[in-house]
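# One predicted model, sequence on top.
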Amino acid sequence: MAYYYVNKNAQTNGDHEVHKSGCSWMPESENRKYLGNFDNCQDAVREAKKSYSQSNGCYYCCNACHTG
Ligand SMILES: [Zn+2]
C-alpha cells in the first residue's frame, strides 16, 4: 500500500498527475490533494478522476498508469 496524491494544477496538456508518496516530483503540499492509501496506481488514478476527469499517472512513480 502507498499514499497517493493528485496535483491540483494541470500540466500544459491538461493532465492532473497522480503521484505516490516519496516521488521526487511530488507537488508542494498546497498544490496537491490527498487521494488515499491504495495497492496500485490504477485505483489511485480512478479516485483522482472523481475530482479531475483528466488524471494521469506520473511518468516516474506511476509509470504503469502513465499514458500519452
Ligand atoms: Zn510522481
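Perfect, thanks for sending it.
# drop to CA atoms for contacts and neighbour counts, all remaining ones
Will do.
# need the residues of this structure near the ion, please.
By the rule CA under 5 Å from the ion, the part of the chain lying against the ion is H19, C23, W25, C58, C61.
# run the last query once more with 6 Å
Contact residues, the chain versus the ion (CA under 6 Å from the ion): H19, K20, C23, W25, M26, C58, Y60, C61.
# out of those residues, which is most surrounded?
Neighbour counts for the residues of the chain next to the ion, by other CA atoms under 10 Å, peak at H19, which reaches 30 neighbours.
# can you tell me which residues contact that residue?
Contact partners of H19, counting by CA atoms under 8 Å, 6 or more residues apart in numbering, are Y4, Y5, V6, N7, W25, M26, G57, C58, C61, C62.
# hey, what's it bridged with?
Beta-bridge partners recorded for H19 (DSSP bridges): Y5.
# who's in contact with the spatially closest residue to Q42 that is not a sequence neighbour?
In this structure, Q42 finds its nearest non-sequential neighbour in C65, 6.2 Å apart by CA to CA, 6 or more residues apart in numbering. C65 makes contacts with C41, Q42, V45, N56, G57, C58, Y59, as judged by CA under 8 Å, 6+ apart.
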